[in-house]
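Visitor: Fold the following.
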Amino acid sequence: MPTARTTPRTSSQGGDATARWRNRTTLGIGAALVWFLAVLMIGDIGGLTVPSSRMLAIFGAAVALWVSEAIPLSATSIMVILAQILMISDEALLTLPASFDPPTYESIYATLASPILMLFLGGFVLADAAAKYGLDRNLAGVLLRPFGTRPAALLGGLMLITALLSMFVSNTATTAAMMAVVLPVTAGLDSGDRFRIALLLAVPVAANVGGLGTPVGSPPNAIALGRLDDQGLQVDFITWMALAVPISLLLLAAAWWLLVRRYPPSTAAVSIRLGGAFDRSRPALILYVAFGLTVVGWMTEPIHGVRSSIVGFAPVVVLLATRVFTVDDLRRLNWHILWLVGGGIALGNGVSSTGLDEWLVDRFDWGSMPPLWLMVAMAVLALALSTVISNSATANLLAPVGISLALSTAVDLDPLLAGVLIAMACSLAMALPVSTPPNAVAYASGAIESKDMAVVGLLVGGLGLVLVVFVMPPIWRAVGLL
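Guide: Here you go, the predicted model:
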């Protein structure tokens, strides 16, 4: 496997990069502090109450830190939780009005054990266990075998399998596994064969598109579902799939056509080294059964009525109890992603409990804007922000306000549609290496140029936005999903 990109760097280049990082950090922290202190000093004016003013200070500071990435994203999330406990909870250090019913500090801490986080934890454990025992790579090899060696067919199979795995396994983990399958293939092609680029771009594009398909496929899905659940709008696993999978399939087909046309193969056959034999050890067999039963449990939630978060938590217990997944494996999980999502859920709860969402909604006459144009604005903003900052951070910022706006009487917009729009638009931003984790993983291989990623990402993301905003909502309404 090629190593990560190793562009020679002079000492002056390194110094410039360090200076830029320090400037960004200073600017981000400075902006956050100025906003925070200024809003607190202004206080309850313009219709703001004391609690909502404090929450606005927290919200704006979080925006500055998430956008600038002056500190780690997960650090901002847990800082949001601490700030809410100290400023708007029943244990607040600053006095709150007697008319305000504050959330308990236990309820704010409890966002780190939200059912949505437990669902994601189950997905992470299954993904890491699958990688540990080679299930992901071997399964990809078996599923790719029927597609043969014809370049176009192989590319389509690669994208379909990557998207399928990304629906049930973290799209980041899927990208890492599939890049391990693809890189040896591209190494065997002629250096001038543009089809190499198609194979390499196919993996992150398909992983991003596949991540739309299920609640565990991408963090923005979990953030939007968490906000909807807090508002009493539960969306089960299969309903989300019914909303998202058709979009994933359409985008996969379009992306396949684009890659084949833009990067045509110069050979009639491509050989691919498929996965080896499946691990038949006792731990691996336990994993196979747990993985299969979990996916079936998620898919049949409307039948048995057990929430997907409970279904997803069961394999965590089983795999740890049987030592298939060890304590050392547990330490290596992406806990920072769970904390990032948890902070977003806490932010949404704080915006709602203090009335800040109503204040933000009342700042503009949303009733004068047609619902369609409001949908366009929300989706474009989510896509634009997610292109340059973390899609999880973008979802954390936009989901609370967007869903609260849809729940208000000011507009005629389904809150489920608002949540779906924001989550999917965030995941459709795939034009830059920093846009999504799959893009970053693929770009780190050193075999993809950023300009190729930008062109394909913009075209696929733009088409996805058209589908999500204009094409699918009437269909969803017609079949009773909205």
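
Visitor: make it CA atoms for all contacts and neighbour counts henceforth
Guide: Fine.

Visitor: Which positions within stretch 441-455 qualify as buried?
Guide: Across stretch 441-455, burial judged by 16 or more other C-alpha atoms under 10 Å covers V441, A442, Y443, A444, S445, A447, I448, M453.

Visitor: what does stretch 149-168 give?
Guide: Result for stretch 149-168 [16+ other C-alpha under 10 Å]: buried residues 149, 151-168.

Visitor: Contacts for stretch 306-323 next, please.
Guide: For stretch 306-323, contacts defined as C-alpha atoms under 8 Å, 6 or more residues apart in numbering pick out 115-116, 118-123, 125-126, 236-237, 283, 286-287, 290-291, 294, 297-298, 301, 325-327.

Visitor: Apply 7 Å and report the result again.
Guide: If you take C-alpha atoms under 7 Å, 6 or more residues apart in numbering as the criterion, stretch 306-323 is touched by 115-116, 118-119, 122-123, 125, 236-237, 290, 294, 297-298, 301, 325-326.

Visitor: quick check: mean pLDDT across it?
Guide: Mean pLDDT, stretch 306-323: 94.

Visitor: And stretch 256-276, by the same measure?
Guide: Here stretch 256-276 scores 82 as its mean pLDDT.

Visitor: ok, A377 - contacts?
Guide: Contacts of A377 (C-alpha under 7 Å, 6+ apart): none.

Visitor: helix or strand for it, which one?
Guide: According to DSSP states H and E, A377 maps onto helix 371-388.

Visitor: Alpha carbons of that helix, in CSV - could you do that?
Guide: This file holds the C-alpha atoms of helix 371-388, laid out as CSV (Å, rounded to 0.1, in the frame of the first residue of the first chain):
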residue,chain,number,x,y,z
PRO,A,371,-41.2,26.6,2.0
LEU,A,372,-39.3,25.4,-1.1
TRP,A,373,-36.9,28.4,-1.0
LEU,A,374,-36.4,27.8,2.8
MET,A,375,-35.5,24.2,2.0
VAL,A,376,-33.0,25.4,-0.6
ALA,A,377,-31.4,27.9,1.8
MET,A,378,-31.0,25.2,4.5
ALA,A,379,-29.6,22.6,2.2
VAL,A,380,-27.2,25.0,0.4
LEU,A,381,-25.9,26.4,3.7
ALA,A,382,-25.4,22.9,5.1
LEU,A,383,-23.5,21.8,1.9
ALA,A,384,-21.4,25.0,1.8
LEU,A,385,-20.3,24.8,5.5
SER,A,386,-19.7,21.1,5.4
THR,A,387,-17.4,21.5,2.4
VAL,A,388,-14.9,23.5,4.4
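
Visitor: can you list contacts of stretch 141-159?
Guide: Residues outside stretch 141-159 that contact it (C-alpha under 7 Å, 6+ apart) are 161, 199, 202-203, 206, 256, 260, 265, 268-271, 274-275.

Visitor: and it, how far apart are its ends?
Guide: The straight-line separation of the ends of stretch 141-159 (C-alpha to C-alpha, to the nearest Å) is 13 Å.

Visitor: Could you shift the numbering so residue one becomes 19, and keep it that way?
Guide: OK, 19 is where the count begins now, so the last one is stretch 159-177.

Visitor: gap between stretch 353-361 and the chain center?
Guide: Remark: stretch 353-361 is offset 11 Å from the chain centroid, using C-alpha atoms, centre = their mean, to the nearest Å.

Visitor: likewise stretch 398-406?
Guide: Centroid separation for stretch 398-406 versus its chain: 13 Å, with C-alpha atoms, centre = their mean.

Visitor: Need the outlier residue of the chain, farthest from its centre.
Guide: Most distant residue from the mean C-alpha position of the chain: A116, 39.2 Å away (C-alpha atoms, centre = their mean).

Visitor: can you give me how far the helix holding A395 is from the chain middle?
Guide: Taking C-alpha atoms, centre = their mean, one finds helix 389-406 lying 16 Å from the centre of the chain it belongs to.

Visitor: how about it: buried residues?
Guide: For helix 389-406, the neighbour count (16+ other C-alpha under 10 Å) marks 389, 392-394, 396-406 as buried.

Visitor: what's downstream of whichever helix in the chain runs longest, the next helix or strand?
Guide: The residue-count maximum for a helix in the chain (DSSP state H) belongs to helix 29-60. Downstream of helix 29-60, the next assigned helix or strand under DSSP H and E is helix 68-86.

Visitor: What mean pLDDT does that next one get?
Guide: pLDDT averaged over helix 68-86 gives 91.

Visitor: tilt between the one helix or strand T94 maps to and helix 68-86?
Guide: For T94, the host element (DSSP H and E) is helix 91-106. Helix 91-106 and helix 68-86 are oriented at 170 degrees to each other (axes from the mean of the first three to the mean of the last three C-alpha atoms, to 10 degrees).
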